[in-house]
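Colleague: need a structure here:
(2 chains)
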Protein chains: 2
Amino acid sequence: MSLYQYSVLQMSSMLRNIDGCLDKAIAFAEAKEFSADDFAGFRLAPDMRPLSFQIQAACDAAKFAGARLAGVEAPSNPDTETTMAELKARIATTLEFLKGLDERAVDGGAEREVRMSFLPGMGIRGADYLRQMAVPNFYFHVTTAYALLRAAGVGVGKRDFITDLALFPVAD
Amino acid sequence: MSLYQYSVLQMSSMLRNIDGCLDKAIAFAEAKEFSADDFAGFRLAPDMRPLSFQIQAACDAAKFAGARLAGVEAPSNPDTETTMAELKARIATTLEFLKGLDERAVDGGAEREVRMSFLPGMGIRGADYLRQMAVPNFYFHVTTAYALLRAAGVGVGKRDFITDLALFPVAD
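Modeller: Reported below is the predicted structural model:
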């Protein structure tokens, strides 16, 4: 079991899945003849954050997980996306950053002291950070993005969310 | 980094968190003077599954993750819950089962061959199963349960969803 697999590889896989959900939303909007970019502002409730934020937050959760475990600086992304093309580009940028991380550096991050700006004066072990913070927060935002599209009528299903199973044939 | 921590411990923590969200929903219903059990049938969209299913599916995802990694039989739970008290009892039963699993057996499950009834003739390594299937599926259902309550007006927030951080004080 490797930190790299649980952070960089798995989050990259999930980001590609949610990117595929955005593609389905774009096709849905085309078929229904409305602007797909309207999706960027959709919310599950008036006082919840819109799709654009959910994608930005998922991308940041993945970016920070990889960077903090590897012990490198995460690039800054200013959260300016308002169109589906821009949200897809944000995902692509994040995937590119994750791909560039050194696998051994990430795998070596279990005991690394991680700090988060919103928790001043506190630290957390890398492995605890991944399990208790980064993974729940990442899935929170990708699932909310998915649910938002699903509730809006886009034909996404569990098979768009869970993919890439390393299955092998077995005898019964 | 341990499979036990990433499955049994973390999923137990999240189940306690979603149980706390159910408590907030019950208090919300009391304050608004409607039956909290109505929540069990709430959905994010007419063709999505209700809260009761989301809780049942989250409990099953956690139960199967622990059982399959440990190489033991998972108990059967017939998905009959229709009230908040029953859903809280389902969570408690699942937590009790997870607590009874042997830590070393779960930690020894990385190379165990896992089979799932809906994928006949196929197997998957325990560590791949946890990362690619059990964890995404678990968070999918706990997040959907959370989002459902949140969209219905219950005052839950990210601090009800992410808890139990193993923080320690650090010098600046």
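Colleague: can you tell if the helix or strand hosting residue A:22 touches chain B?
Modeller: Assigned by DSSP states H and E, residue A:22 belongs to helix A:10-32. Yes. Helix A:10-32 reaches chain B (CB under 8 Å from any CB of the partner chain) through A:10, A:13, A:14. In this view, the C-beta of every residue, glycine as well, is placed from N, C-alpha and C.
Colleague: ditto for stretch A:150-163
Modeller: Yes. Judged by CB under 8 Å from any CB, stretch A:150-163 comes into contact with chain B at A:150, A:151, A:153, A:158, A:161, A:162.
Colleague: ok, those residues vs residue B:41, which is closest?
Modeller: residue A:151 (16.1 Å; CB to CB).
Colleague: tell me the contacts of the residue most central in space within chain A?
Modeller: Relative to the mean C-alpha position of chain A, the nearest C-alpha, by CA atoms, centre = their mean, is the one of residue A:58, at 3.4 Å. Taking CB atoms under 8 Å, 6 or more residues apart in numbering or on different chains, we find residue A:58 in contact with A:14, A:15, A:18, A:138, A:141, A:142, A:145.
Colleague: dump the residues you listed to TSV, plus neighbour count.
Modeller: Listed next are the contacts of residue A:58 as TSV, based on neighbours: other CB atoms under 10 Å in any protein chain shown:
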residue	neighbour count
A:14	24
A:15	24
A:18	25
A:138	25
A:141	22
A:142	27
A:145	26
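Colleague: let me know the closest of those residues to residue B:102.
Modeller: residue A:138 (29.2 Å).
Colleague: helix, strand or coil for residue A:72?
Modeller: coil (DSSP: H, G, I helix; E, B strand; the rest coil).
Colleague: ok so, going back, return the member of the residues of stretch A:150-163 next to chain B nearest to chain B.
Modeller: Nearest to chain B out of the residues of stretch A:150-163 next to chain B is residue A:151 (CB to the nearest CB; 4.1 Å).
Colleague: pretty sure that closest one contacts residue B:44?
Modeller: Yes. Counting by CB atoms under 8 Å, residue A:151 touches residue B:44, with 4.7 Å between them.
Colleague: quick check: neighbours shared by the two?
Modeller: Contact with both residue A:151 and residue B:44 is made by residues residue A:44, according to CB under 8 Å, 6+ apart.
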